[in-house]
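Visitor: turn this into a structure:
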Amino acid sequence: MKLKTIIGTALLAGTCALPASAQIGEQRHNFSVGINGGINLNCVSFSPRVRQNNLMGINGGVTARYISEKYFSMICGAQIELNFSQHGWDEFYEDYPELQYTRKMNYLEIPFLAHLAFGKDRGLQFFVHAGPQIGFFLGDSYTISGDWDNYPGLTVEQHDKAVDNRFDYGITGGAGVELRTKAGNFLVEGRYYYALSDFYNSTKKDYFSRSAHGVITAKITYLFDLRK
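Guide: Model prediction:
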């Protein structure tokens, strides 16, 4: 139900983000570009289950945004980003603290976001973002310690397994506040990414039926207007 709600919201928001002559609203052509950066809290949804702690990674890149219309009190637009983002997982077994395995996975990601905002043209605005996201796997690294061979009941198939699917896709959404000033626009945002794809093959003959990223991101963005 939650996933359907997110997809429905993204589709509805996307229709507001595009210019539409049939709608009654104040047309705008505000184009902004800038940079963003933040941190990720990562986990992976595995089936069979793999116990984990959240793994911290970095997230940063460039942002472009187009504001097309103000419809009553709602400001509608679209935003696209090109980001370097670290995903992965950190295995944790409370009964076996001597065992440690961490995999960091690097991606080039492109979120396509509807931007809906409420507030003043100069001053503070509240906004929501929603839309699809794609990613391209760049490479990974891992650290391991402990004698895992002495614990045969644990899932270790993922330790020596290379990524099968280098293309990642899913749904992302979040909310935040924006401070619009003469010096530029400053955004603080929280976002969640739910992967619909698996990075390991998931046919009936494969070990894992699910291996998908889940990412909580906190980020700061600075935008300056090229066209107001």
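Visitor: the helix or strand encompassing residue 103 - contacts with which helices or strands?
Guide: Under the criterion of DSSP states H and E, residue 103 resides in strand 100-119. Counting by 3 or more C-beta pairs under 8 Å, 6 or more residues apart in numbering; DSSP states H and E, the packing neighbours recorded for strand 100-119 are helix 2-17, strand 55-71, strand 74-91, strand 123-145, strand 167-181. From N, CA and C alone the C-beta is placed, and that goes for glycine too.
Visitor: buried residues of the second one, list them for me.
Guide: By neighbour count with 16 or more other C-beta atoms under 10 Å, strand 55-71 contains the buried residues 55, 57, 59, 60, 61, 63, 65, 66, 67, 68, 69, 70.
Visitor: nearest to residue 219 among those residues?
Guide: Lowest distance from residue 219 to the buried residues of strand 55-71 (C-beta to C-beta) belongs to residue 59, with 6.1 Å.
Visitor: for the closest one, give the beta-bridge partners.
Guide: Counting by DSSP bridges, residue 59 forms beta bridges with residue 38, residue 85.
Visitor: list the contacts for the most centrally placed residue in the chain?
Guide: Against the mean C-alpha coordinate of the chain, by C-alpha atoms, centre = their mean, the closest residue is residue 193 at 3.9 Å. By C-beta atoms under 8 Å, 6 or more residues apart in numbering, the contact list for residue 193 reads 133, 170, 171, 172, 213, 214, 215, 217.
Visitor: backbone dihedrals for it, please?
Guide: phi -110, psi 130 (degrees, to the nearest 10).
Visitor: now do stretch 170-187, average pLDDT.
Guide: The pLDDT scores in stretch 170-187 average 96.
Visitor: any buried residues in it, and which?
Guide: 170, 171, 172, 173, 174, 176, 178, 180, 185, 187.
Visitor: now do stretch 208-226
Guide: Here stretch 208-226 shows 208, 211, 212, 213, 214, 215, 217, 219, 221, 222, 223, 225 as buried, counting by 16+ other C-beta under 10 Å.
Visitor: test my guess that the fourth one contacts residue 42.
Guide: In other words, residue 213. Yes - the criterion here is C-beta atoms under 8 Å, and residue 213 meets it with residue 42 at 6.8 Å.
Visitor: quick one on the thing from earlier: format the buried residues of stretch 208-226 as a markdown table; extra columns: pLDDT, distance to residue 199 and secondary structure.
Guide: Below are the buried residues of stretch 208-226 laid out as a markdown table (pLDDT from 0 to 100; distance: C-beta to C-beta, whole Å; DSSP: H, G, I helix; E, B strand; the rest coil):
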| residue | pLDDT | distance to residue 199 | secondary structure |
| --- | --- | --- | --- |
| 208 | 96 | 9 | coil |
| 211 | 97 | 5 | strand |
| 212 | 98 | 7 | strand |
| 213 | 98 | 8 | strand |
| 214 | 98 | 12 | strand |
| 215 | 98 | 13 | strand |
| 217 | 98 | 18 | strand |
| 219 | 98 | 23 | strand |
| 221 | 98 | 27 | strand |
| 222 | 98 | 32 | strand |
| 223 | 97 | 32 | strand |
| 225 | 91 | 38 | strand |
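Visitor: and for residue 107, the neighbour number?
Guide: Applying other C-beta atoms under 10 Å, we find 25 other residues in the vicinity of residue 107.
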